[in-house]
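Novice: Just need the structure, nothing else, for what follows:
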Amino acid sequence: MRFQTELVPAELIRRYKRFLADCRLADGREVVAHCANPGSMMGLAEPGARIWLEPNDDPKKKLKFGWRLVEHGDGHFTGVDTSVPNRALRAAFEVGEVPGFDGYTTVRPEQKYGENSRIDFLLQGEGLPDAYVEVKSVTLSRAAGLAEFPDSVTARGAKHLGELAKMVGLGHRAVMLYLVQRTDCDRFTLAGDIDPAYAAAYQAATRAGVETMCLGTYITPKAVTVGHPIAIHI
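Specialist: All right, here's what the predicted structure looks like:
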């Protein structure tokens with residue numbers, strides 16, 4: 001998934017009201033960027049961080065910049081836009097490049113299911129059970145090389161796990177897919193200390209037959225693409 005316009009580097013001044021960030025461009029100008037991330041962004045929103053913004057000239061948008069990346073040392077990046085995983089995965093699903101889904105030829109995003117819920121992807125293929133795939137963007141890392149989810153309490157996330165378990169009970173395939181939007185992690189686990197209820201819901205869903213997958217990403221200021229499987233330690 002390529003960014004629509006060329007990203008520009010900036011320095012983070014502060015993030016506030018969850019969806020806003022004051023930033024300083026390379027030429028010294030201060031701008032307000034939209035932050036498409038409702039989570040805590042623990043460890044990613046420190047003042048002075050080097051970040052990357054996507055400019056736009058859309059007259060319908062009040063803010064002319066969107067915050068897309070945090071740059072770490074050694075050339076590593078974290079993607080902070082929570083809409084990116086679904087876009088990157090849709091592109092990968094449509095060309096059959098997501099491991100574990102061979103034979104699924106129909107990709108239907110944002111389908112209604114369960115109790116007032118929408119599944120991120122409903123995959124279908126001849127002779128295969130329908131696959132309900134819920135996607136979560138993973139950006140938290142509190143130990144070197146280890147990615148964690150969630151970074152804040154998510155009752156909505158726990159509800160989704162329960163909905164997936166119900167799909168298994170109806171004879172379908174259900175997959176909880178964690179996409180790690182960091183290039184500096186090769187392992188994944190749950191942050192049970194941050195949200196014990198989510199961890200409990202995950203264990204219940206696993207016992208019910210919900211599958212877990214975790215994939216990494218390749219991230220540059222030009223694009224974000226789905227990468228290789230990441231080891232799961234839960």
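Novice: Geometric centre of this structure: which residue is closest?
Specialist: Among the residues of the chain, the one closest to the centroid is Ser137, at 1.8 Å (Cα atoms, centre = their mean).
Novice: tell me the contacts of that one?
Specialist: For Ser137, the contact set (Cβ atoms under 8 Å, 6 or more residues apart in numbering) comprises 79, 82, 84-85, 179, 181. No exception for glycine: its C-beta is placed from N, CA and C like everyone else's.
Novice: Then Gly48?
Specialist: Gly48 touches 11-12, counting by Cβ under 8 Å, 6+ apart.
Novice: same question, Asn37
Specialist: Taking Cβ under 8 Å, 6+ apart, one finds 18-19, 67, 80-82, 139 in contact with Asn37.
Novice: export the longest helix along the chain as CSV, just CAs?
Specialist: The helix that spans the most residues within the chain, counting by DSSP state H, is helix 155-169. In CSV, the C-alpha atoms belonging to helix 155-169 read as follows (Å, rounded to 0.1, in the frame of the first residue of the first chain):
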residue,chain,number,x,y,z
ALA,A,155,-13.9,-3.4,25.4
ARG,A,156,-14.6,-3.3,21.6
GLY,A,157,-11.7,-5.7,21.0
ALA,A,158,-13.0,-8.2,23.6
LYS,A,159,-16.5,-8.1,21.9
HIS,A,160,-14.9,-8.9,18.6
LEU,A,161,-13.3,-12.0,20.0
GLY,A,162,-16.6,-13.2,21.3
GLU,A,163,-18.2,-12.6,17.9
LEU,A,164,-15.4,-14.7,16.3
ALA,A,165,-16.0,-17.5,18.7
LYS,A,166,-19.7,-17.5,17.7
MET,A,167,-18.7,-17.9,14.0
VAL,A,168,-16.7,-21.0,14.8
GLY,A,169,-19.8,-22.4,16.6
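Novice: I appreciate the help and will end here.
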